[in-house]
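*Asks:* Have a look at this fold, sequence not included:
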């Protein structure tokens, strides 16, 4: 809107989707590291890239497991690809998962969507203090701060995604710092109570 109508700039206010801050305890990256993705199993979410990612991480000898949570029309195709690449012992497709069950049991969130209006799953990863790696496209840069709460990578560059995951497993101080930054970002930008108050103030 601002790009097309710059004179409206002072009349536009962006209020993001919010979540409730959690008192998330810091944790060390476990071994095997648990990498997770959560979303509808559809083309838009790009989960086929996760199979490529797992193949690369396996070749680089990372001790990991991957959880791809969610249901959708691509499930059978994804399972077939997993079996074809001989990754059944590394990738799990558990179906629908509640956010708390999912984020409480992963170490790094990988987000492969091609576009998002507002990436709720990415916001939830911040809520649970889970550093994320995603493509630098769509609304992702509005949620994730590169090298602060995770990494924004070149679109569809899965080798680069693997590099960042390996970096997080090697630099424990960086991982811990990102966890802290996740909590700060939720409080400043995505706190549901504060954001609802902003909505109320618009009508006063």
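*Replies:* Yes, it's here. The structure presented is a predicted model; accordingly, all values stated were derived computationally and were not measured. Residues are numbered from 1 along each chain as shown.

*Asks:* Identify the residues contacting residue 15.
*Replies:* 195, 198-199 (C-beta atoms under 8 Å, 6 or more residues apart in numbering). Placement of C-beta: from N, CA and C, glycine included.

*Asks:* From these, list just the buried residues.
*Replies:* The neighbour-count criterion (16 or more other C-beta atoms under 10 Å) marks residue 195 among these as buried.

*Asks:* how about a markdown table for the contacts of residue 15, with secondary structure added?
*Replies:* Below are the contacts of residue 15 laid out as a markdown table (DSSP: H, G, I helix; E, B strand; the rest coil):
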| residue | secondary structure |
| --- | --- |
| 195 | helix |
| 198 | helix |
| 199 | helix |
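
*Asks:* next one: the longest helix along the chain to chain centre, how far?
*Replies:* The longest helix of the chain (DSSP state H) is helix 172-189. Computed by C-alpha atoms, centre = their mean, to the nearest Å, the chain-centroid distance of helix 172-189 equals 14 Å.

*Asks:* and what of stretch 17-30?
*Replies:* Counting by C-alpha atoms, centre = their mean, stretch 17-30 is centred 13 Å from the centre of its parent chain.

*Asks:* what does it rub up against?
*Replies:* 107-108, 118, 120, 123-124, 127-129, 168-169, 172, 175-176, 179-180, 182-183, 186-187, 190-196.

*Asks:* Fine, thanks again, bye for now.
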